[in-house]
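1. below are the sequence and a predicted model; questions follow.
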Amino acid sequence: MVVTQIKCFLLTTVLLIASFSALAMPARAQTLIRDAEIEYALRRLAQPVLQAAGLNANRVKILVIKDSSLNAFVIDSQHMFIHSGLILKLKTPEQLQAVIAHEAAHIANGHISRRLLNMQSAKTAAGLGMLLSVVAGAASGNGKAAGGIAVGTMSSAQRVLMSHSRSEENSADQAGARYMARAGVNPKAMVEVLDLFRGQESLSIARRDPYTLTHPLSRDRLRAVKGYAAAFAPQGTADTKSAYWYARARGKLGAFIRNPKWGLREAKNTDFGDVALMMQAVAHHKSPNLKKALKAVNALIAARPKDPYAHELKGQILLESRQAKAASTAYGKAVSLAPSEALILAGYGRALLAQGTGASIKKALGVLEKARARDPQDARMMRDLAVAYAKLGNNGMASLATAERYAIQGRLKDAGLHATRAAGLLPRGSVGWNRAQDVIRAAKSASKRR
């Protein structure tokens, strides 16, 4: 069952890429930050708001794009993207929940679904699929902050697809404020967020933050949001842990993407001692000062011994300091505490692979296959999977993993070459051979459209 679902998912992805590959070229590179702890913290913050919106909180994935500009957007019913610049600009968990509530309203109100249905060509619909698959899957190979992912910024055509009309914005504001109130969150935070963008519409397009290009802002809209905030009083009790999860998400994000001085300074300002230790560990690791980093992360583990993300952080620090065996031990503990966390599994597999022994590589293959089953669009994991197969002499599966990695990066020509090689090495009619055929068909389709 799992293999079939993965195969179908990959086929959908690569065919969407094939349809879109000739439509637009990225203007400049961006990166997607994948980090298990950050994504978990964002899920915790989003959960009450998504539930209030009638959405399945377990199915809406919130991903962070490394970009200093202020923006957030959704492109389907299951993926929400927030720029790192916006997360670091916001000051309270309620403000971040306001952003999530507004984007959740676009999903719940059917704005994305209607736009997909009303598109005039399959190419346009495929463009959204391409954006999703590239944003969620293409790896740059950067080892910092759990890996970077190379993607393109929105072209003007893509921006149009993600832009919302003023009527959609108004309805999303009203619904979002209502969701916040249902979740026990004060809707006044939505007014505070919009205040960040006041005056943007008077600037030229080149100087505006992307948020105002996809979310039209006006005085009337701001006035209406103030009215919604006054009308919807928070109901029930707000999550008392929201400030903590916000501190963890914002603290780790900032510690990794900003300079070490920022992390050490902000660590002194946080109200949570364990968050301060996490930020100090990251800052010292980036300096780099392994001794101080390990001292901080060990203190963090002492404070949170059953927290998988504390052990994962220690594993990452050790692995990036070329201590693969010790890293494997730390990652192994993290996996025992969170056996279904795909990104932790991928890190564990990477550490085992780095040990370089026959036994560790064989074990790495099994771990990486488990990670793939849970997150087949993690291209960095797919690269490690290809290496594991190659080291064990299975060149057919190594070529297949490489082909699939290139496919989710949108590099269909390279994907086709490796898929053809895989098809020649794998038993005809096998699961791997059929997956290779999916990529070959997508690559041929992309070639015909150029």
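-> Here it is on my side, so go on. Fair warning: this is a prediction, and the values are worked out from it, not measured in the lab.

2. sec struct for the residue nearest the centre of the chain, please.
-> In the chain, the residue lying closest to the centroid (C-alpha atoms, centre = their mean) is L63, at 2.8 Å. At L63 the chain is in strand, as set by DSSP: H, G, I helix; E, B strand; the rest coil.

3. count of neighbours near the nearest residue to it once chain neighbours are set aside?
-> In this structure, L63 finds its nearest non-sequential neighbour in F81, 5.4 Å apart by C-beta to C-beta, 6 or more residues apart in numbering. C-beta: built from backbone N, CA, C; applies to glycine. When neighbours are defined as other C-beta atoms under 10 Å, F81 has 22 of them.

4. so R43 touches A57, yeah?
-> Yes - counting by C-beta atoms under 8 Å, A57 is a contact partner of R43 at 7.0 Å.

5. any idea how far R43 is from the residue nearest to the centre of the chain?
-> L63 sits 11 Å away from R43, taking C-beta to C-beta, to the nearest Å as the criterion.

6. same check, this time on I87
-> For I87, the distance to R43 (C-beta to C-beta) stands at 14 Å.

7. which of the two has more neighbours?
-> In terms of neighbours (other C-beta under 10 Å), I87 is the more surrounded of I87 and R43; the figures are 21 against 17.

8. pretty sure that one is touching A249, no?
-> Yes - applying C-beta under 8 Å, one finds I87 in contact with A249, separated by 7.0 Å.

9. could you list the low-pLDDT ranges of the stretch 1-150 of the chain?
-> 1-30, 111-150 (pLDDT under 70).

10. which residues of it fall in strands?
-> Remark: strands assigned in the stretch 1-150 of the chain by DSSP state E, counting those that start in this stretch are 29-33, 61-66, 72-74, 79-83, 150-152.

11. mind checking these for the one nearest to N170?
-> N170 lies closest, by C-beta to C-beta, to one member of the strands of the stretch 1-150 of the chain: strand 72-74, at 17.0 Å.

12. what about the stretch 201-350 of the chain, any weak spots by pLDDT?
-> Ranges of the stretch 201-350 of the chain meeting pLDDT under 70: 201-218.

13. burial measure for the residue nearest to L412 when sequence neighbours are not counted, as a count.
-> Closest residue to L412 apart from its sequence neighbours, by C-beta to C-beta, 6+ apart: A446 at 4.0 Å. Neighbour count for A446, taken as other C-beta under 10 Å: 24.

14. re the thing from before, isn't the residue nearest to L63 up against A72?
-> Yes - counting by C-beta under 8 Å, A72 is a contact partner of F81 at 6.7 Å.

15. how close does the residue lying closest to A41 once chain neighbours are set aside get to E341?
-> On the basis of C-beta to C-beta, 6+ apart, the spatially nearest residue to A41 that is not a chain neighbour turns out to be A249, at 3.7 Å. Between A249 and E341 the computed distance is 16 Å (C-beta to C-beta).

16. the more surrounded of those two?
-> Set A249 next to E341 and count neighbours by other C-beta under 10 Å: A249 wins out with 26 against 23.

17. contacts only, for the more buried one.
-> Each residue near A249 by C-beta atoms under 8 Å, 6 or more residues apart in numbering is listed here: E37, I38, A41, L42, L45, I87.

18. could I get those residues as CSV with distance to H284?
-> Formatted as CSV, the contacts of A249 follow (distance: C-beta to C-beta, whole Å):
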residue, distance to H284
E37, 17
I38, 19
A41, 21
L42, 25
L45, 27
I87, 23
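
19. so which of these is the closest to P93?
-> Relative to P93, the closest of the contacts of A249 is L45; by C-beta to C-beta it sits at 6.0 Å.

20. how about the closest one, nearest residue that isn't a chain neighbour?
-> W245 (5.3 Å).

21. surely that neighbour forms part of a helix?
-> Yes - under three-state DSSP, W245 sits within a helix.

22. and it, what does it touch?
-> Contact analysis of W245 by C-beta under 8 Å, 6+ apart lists A41, L42, R44, L45, P93.

23. what is the burial count for the first one?
-> This points to A41. By other C-beta under 10 Å, 24 other residues sit near A41.

24. hang on, it packs against S242?
-> No - assessed by C-beta under 8 Å, A41 is found out of contact with S242, at 10.0 Å.

25. do you know how far the residue nearest to N56 when sequence neighbours are not counted is from L318?
-> Of all residues not flanking N56 in the chain, L50 sits nearest, at 7.5 Å (C-beta to C-beta, 6+ apart). For L50, the distance to L318 equals 35 Å [C-beta to C-beta].

26. picking up where we left off before, hang on, the residue nearest to L412 packs against R411?
-> No - counting by C-beta under 8 Å, A446 does not reach R411; the two are 9.8 Å apart.

27. export stretch 83-92 as PDB, just CAs?
-> Output of stretch 83-92 as PDB, limited to C-alpha atoms (Å, rounded to 0.1, in the frame of the first residue of the first chain):
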ATOM      1  CA  HIS A  83       9.000  33.700   4.800                       C
ATOM      2  CA  SER A  84      11.600  33.600   7.500                       C
ATOM      3  CA  GLY A  85      11.600  37.400   7.400                       C
ATOM      4  CA  LEU A  86       8.000  37.600   8.400                       C
ATOM      5  CA  ILE A  87       8.400  35.200  11.300                       C
ATOM      6  CA  LEU A  88      11.400  37.100  12.600                       C
ATOM      7  CA  LYS A  89       9.600  40.400  12.200                       C
ATOM      8  CA  LEU A  90       6.600  39.500  14.200                       C
ATOM      9  CA  LYS A  91       6.800  40.000  17.900                       C
ATOM     10  CA  THR A  92       4.200  37.700  19.400                       C
END
